[in-house]
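>>> Based on what follows, work out the 3D shape:
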Amino acid sequence: MRYRLDPAAEAQAVRGNLIGALYTGGIAWLVSSYMSGRIPAVTVVVRIPRDFELFPWLAGGTGVISALFTVALAASVVRWQIALSQRRQARDPVKALLLPPTAQHGAALRQSRPGRTTVGNVALLAVPWVVFPLVIVALGTQLTPERMGPRAEEAIWVAGLAGGVGLAVLVVVAVDVTRRQLLAWQVRRLSQDPAFAALMPPATATPAQYRAPVIPELRITYYDPPPSITFGLPKVTAERSVFGRPPLDIAYFRLFENELRVRDFVKGAFRRCGHVHLLRSAASVSYSELARARRTGTLKNLFITSDRRMLRALGARSTEPLPSGFRTIRGTGGKGVRVWDRKGSYPMSAYLCHGSYWKRAVDTLLELADLVVIDLSGFQKENVGTGYELQRVIDRYPVHRVVVLADTGSDTRYLATHIRHAWARMAPGSPNSGDGARTLLVSRIAIGGPAATHHLLAYALQRLR
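From the prediction side, this is the model:
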């Protein structure tokens, strides 16, 4: 199955369908028995005749409904048994890896699919402006001149114009979404072209074949910060962040296609805590950027393909804090993110890496990072790239300096299973190996709740002391 079932919810569905089948079936039986004379006649003020004309409809309707409830009951019993089987599998660490997440786990990811939200919202707003005027036009064409009022013809023309404008808006939005999808496809194709790769990924960017000799216990701490805005914060300076500490270098990893969560991250407090570094997705490349590279013959320079170019990009980044005000953050997804920095912020650096180099870039970011943030909202075992980044973080970075993000609809049991699986495959020489226990912070933040990230960072910074 695509999603993991909840035994309690499926058991409730079984009870509901069973009660519905018995109730409607009982009514059908009583009505049929009364019609056939198998039960005594009923007198309520007046004697109810057995051949009452509505009885056949009542008996037939409730019988059909009872049959439908019975079919639904059989299906819900099957789903309940599957849910119980999945609960038993979840207790086995090996079998749990094969289970899917719950249905709410990928809510943010589904809302982030290219064009779905945009087209859906525009269509919802534009349909009345398209359908209703066109209906008026269609009705108006059936009127004869004698039946038309003095201003009816003018109203029909206005309705037709409104319908045409609404239809044009839908077409423009659909074309724009299609263009962005084709652009992202072109960039992804180029990022996999070996002709643009100056350096293949070195051996350090491949998963380890051996395991650490001593893998400690992993304890996962869940922290749900309050979604409240904090006032009275100091302004960002070159020496101090809004938390009163020197600015940090923050490495941010996430699912490229989960743009909804990326926007929340950009609007949160992370950019006011330090310099954020992340890998760019293909969808973040604009059409003008790609066209300019093709026109000037610098298409090879579009991607980072070597350590030399990566270090050059790191050295060229701005480290000066940005003043307070409105700005648009680009390079994180298909569209720029409009933000308002009341206390200023630090520049955000995004690196577009070739497919043959991005694994090595992950290592480079981990080497300079003071704090690692990995957003696993919507993560599934099919997300190989994010799974590699999770494994690399465990192999090369101390987990007490790691923050795992999830949304409130995420299946934390599913995420914990895959985190522990990666923990069990820890590479030799990992800073997390050894005796004792290690603690990993997992924070659940609601979609559209970037205000909560200030409390999260305040809590996470206490762990760095």
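
>>> ok, residue 274 - how many residues close by?
22 (other C-beta atoms under 10 Å). All C-beta atoms are positioned from the backbone trio N, CA, C, and that covers glycine.

>>> Now do it against residue 295, distance only.
Applying C-beta to C-beta, to the nearest Å, the value for residue 274 to residue 295 is 37 Å.

>>> Can you show me the strands along this structure?
43-44, 46-47, 217-223, 248-253, 274-279, 325-329, 337-341, 348-351, 371-375, 402-406, 437-444 (DSSP state E).

>>> out of those strands, nearest to residue 319?
The stretch from the strands of the chain with the least distance to residue 319 (C-beta to C-beta) is strand 274-279; that distance is 6.8 Å.

>>> what packs against the closest one?
strand 248-253, strand 348-351, helix 358-368 (3 or more C-beta pairs under 8 Å, 6 or more residues apart in numbering; DSSP states H and E).

>>> got TSV for these, with mean neighbour count, distance to residue 395 and mean pLDDT too?
Formatted as TSV, the entries for the helices and strands packed on strand 274-279 read as follows, by neighbours: other C-beta atoms under 10 Å; distance: least, C-beta to C-beta, whole Å; pLDDT from 0 to 100:
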stretch	mean neighbour count	distance to residue 395	mean pLDDT
strand 248-253	23	14	96
strand 348-351	21	21	93
helix 358-368	19	9	94
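
>>> Indicate which one of those is closest to residue 381.
Shortest separation from residue 381 across those is recorded for strand 248-253, at 16.5 Å, computed as C-beta to C-beta.

>>> check contacts around residue 97.
With contacts taken as C-beta atoms under 8 Å, 6 or more residues apart in numbering, residue 97 has the following neighbours: 381, 417-418, 421.

>>> Of the residues you listed - the most surrounded one?
Of all the contacts of residue 97, residue 418 has the most neighbours under the rule other C-beta under 10 Å, reaching 21 neighbours.

>>> Wait, it touches residue 379, no?
Yes: between residue 418 and residue 379 there is a contact under C-beta atoms under 8 Å: 7.3 Å.

>>> Need the residues touching each of these two.
residue 387.

>>> circling back: which of the strands of the chain sits closest to residue 100?
When these are ranked by distance to residue 100, counting by C-beta to C-beta, first place goes to strand 402-406 at 16.3 Å.

>>> just checking, what packs against the closest one?
When contacts are defined as 3+ C-beta pairs under 8 Å, 6+ apart, strand 402-406 sits against strand 371-375, helix 412-424, strand 437-444.

>>> Please list the residues outside the last one that contact it.
Among residues not part of strand 437-444, those counted as contacts by C-beta under 8 Å, 6+ apart are 216-225, 399-400, 402-408, 410, 412, 415-416, 419, 432, 456, 459-460, 463.

>>> Repeat that for the first one.
If you take C-beta under 8 Å, 6+ apart as the criterion, strand 371-375 is touched by 248-255, 258, 261-262, 265, 270, 273-274, 366, 386, 389-390, 393, 397, 401-406, 460, 464.

>>> One more: the longest one?
Applying C-beta under 8 Å, 6+ apart, the external contacts of helix 412-424 come out as 4, 90, 93, 96-97, 99-102, 105, 211, 215, 218, 220, 222, 376, 379, 381, 387, 390-391, 394, 404, 406, 432, 440, 442, 444.

>>> mind running it again at 6 Å?
With C-beta atoms under 6 Å, 6 or more residues apart in numbering as the contact definition, helix 412-424 has outside contacts at 96-97, 101, 218, 220, 376, 390-391, 394.

>>> Over to stretch 346-354?
Outside stretch 346-354, the residues within contact range by C-beta under 6 Å, 6+ apart are 191, 196-197, 247, 271, 274-280, 303-305, 313, 317-318, 321, 329, 331, 361.

>>> how far does it stretch from start to finish?
Using C-alpha to C-alpha, to the nearest Å, the span of stretch 346-354 from its first residue to its last is 26 Å.

>>> now do stretch 349-363
Criterion C-alpha to C-alpha; first-to-last residue distance in stretch 349-363 is 16 Å.

>>> what's the offset of that stretch from the middle of its chain?
Relative to the chain's own centre, stretch 349-363 is displaced by 22 Å; criterion: C-alpha atoms, centre = their mean, to the nearest Å.

>>> try stretch 401-410
Here the centre of stretch 401-410 is set off from its chain's centre by 12 Å, with C-alpha atoms, centre = their mean.

>>> and it, which residues are buried?
Neighbour counts over stretch 401-410 (16 or more other C-beta atoms under 10 Å) mark 401-407, 409-410 as buried.

>>> and the residue nearest to residue 344 when sequence neighbours are not counted, what are its phi and psi?
The shortest distance from residue 344 to any residue other than its chain neighbours is 3.6 Å, reached at residue 236 (C-beta to C-beta, 6 or more residues apart in numbering). Dihedral angles of residue 236 (phi, psi; degrees, to the nearest 10) stand at phi -70, psi 130.

>>> ok, now which ones touch residue 236?
272, 321, 343-345.

>>> And these, which is closest to residue 229?
Residue 229 lies nearest to residue 343 out of the contacts of residue 236, by C-beta to C-beta, at 12.0 Å.

>>> which residues sit in contact with the closest one?
233, 235-236, 242.

>>> What remains of those if I keep only buried residues?
233, 236, 242.

>>> pLDDT value on the spatially closest residue to the first one that is not a sequence neighbour, please?
It refers to residue 233. Spatial nearest neighbour of residue 233, chain neighbours left out: residue 242 (4.4 Å); criterion: C-beta to C-beta, 6+ apart. Residue 242 is assigned a pLDDT of 92 by the prediction.

>>> Please renumber the chain so that the first residue is 125 from this point on.
Sure, I'll start counting at 125 from here, so that last one is residue 366.

>>> wait, residue 366 sits on residue 359?
No: the pair formed by residue 366 and residue 359 falls short of the contact definition of C-beta atoms under 6 Å, at 7.5 Å.

>>> thinking again about what came up before, can you turn the buried part of the contacts of helix 536-548 into a PyMOL selection?
A single PyMOL command selects the buried members of the contacts of helix 536-548 (16+ other C-beta under 10 Å):
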select buried, resi 220+225+342+344+500+514+515+518
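
>>> Show me the helices in the stretch 325-474 of the chain, by range?
In order along the chain, the stretch 325-474 of the chain carries the following helices (DSSP state H, counting those that start in this stretch): 383-391, 411-420, 431-440.

>>> actually the stretch 125-274 of the chain, not the one I wrote
With DSSP H, counting those that start in this stretch applied, the stretch 125-274 of the chain shows helices at 131-160, 179-214, 217-220, 231-235, 240-264, listed in chain order.

>>> Now do the first one: which elements does it pack against?
If contacts are counted by 3 or more C-beta pairs under 6 Å, 6 or more residues apart in numbering; DSSP states H and E, helix 131-160 sits against helix 179-214.

>>> Quick check: which ranges of the stretch 275-424 of the chain have low pLDDT?
Along the stretch 275-424 of the chain, the parts satisfying pLDDT under 70 run over 275-291, 293-294, 297-298, 300-301, 303-305, 307-312, 315-332.

>>> returning to that earlier point: name the nearest of the contacts of helix 536-548 relative to residue 575.
Taking C-beta to C-beta as the measure, residue 575 lies nearest residue 500 of the contacts of helix 536-548, at 20.8 Å.
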